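1. heads up, no residue letters with this:
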C-alpha cells in the first residue's frame with residue numbers, strides 16, 4: 001500500500017425542482033474543462049427553447065475566467081448566471097448531493113484505482129438519475 005490518495009474530478013449540476021442530475025468526469029478543474037462541461041453536459045440537459053435557466057455557481061477560480069463569462073454572455077438568451085457569496089457552501093444545492101455521494105459511494109471504502117472509484121461513483125450517480133426521489137429531500141431547502 002502506497003498511501004497515495006486516489007481521487008477523481010467531477011463536474012455536476014442539479015435542477016432543484018425535479019432533481020435532474022448531470023455530471024461529467026474530467027482530469028482537472030480549469031476553465032477549459034468547465035466550458036466543456038457547460039457546453040456538452042449542462043446545456044443539453046437543461047436548455048429548453050423559450051425557457052430561461054437560472055444557473056447558480058460557487059466561486060471556484062475557473063468559474064471567474066473571462067472565457068467562461070464569454071460563454072455565459074453568448075448564452076444569455078436562455079441562461080442567467082448567479083454567483084453564490086464566497087465561502088457559503090450552505091447555499092450550494094450540490095453540497096448535500098456530494099454528501100449523499102460520499103455516504104453511498106466512497107465513505108469508509110478503499111479503492112485500488114480510479115476505475116474502482118468511478119465504478120462506485122457511477123453506480124451512485126446512475127441511481128440518483130433513475131430515482132430522483134432519493135435526493136429530492138436534500139433539495140427542498142433550495143426550492
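-> Sure thing, it's come through. Given the structure is predicted, the values throughout are model-derived calculations rather than measurements. Numbering: from 1, shown residues only.

2. Show me where the chain has its helices.
-> 31-37, 43-46, 66-74, 94-101, 114-130, 133-139 (DSSP state H).

3. Show me what the last one packs onto, helices and strands only.
-> To tie it back to what came earlier, the one meant is helix 133-139. helix 94-101, helix 114-130 (3 or more C-beta pairs under 8 Å, 6 or more residues apart in numbering; DSSP states H and E). Where C-beta positions appear, they are placed from N, C-alpha and C, glycine not excepted.

4. what comes up buried for that helix?
-> 134, 135, 138, 139 (16 or more other C-beta atoms under 10 Å).

5. what residues are up against the closest residue to the first one other than its chain neighbours?
-> Nearest-residue entry for residue 134: residue 128, 5.9 Å, with adjacent residues in sequence omitted and distances by C-beta to C-beta, 6 or more residues apart in numbering. Applying C-beta atoms under 8 Å, 6 or more residues apart in numbering, we find residue 128 in contact with 19, 21, 97, 100, 134, 135.

6. so the second one touches residue 134, yeah?
-> No - Residue 21 is not in contact with residue 134 according to C-beta atoms under 8 Å; the separation is 9.9 Å.
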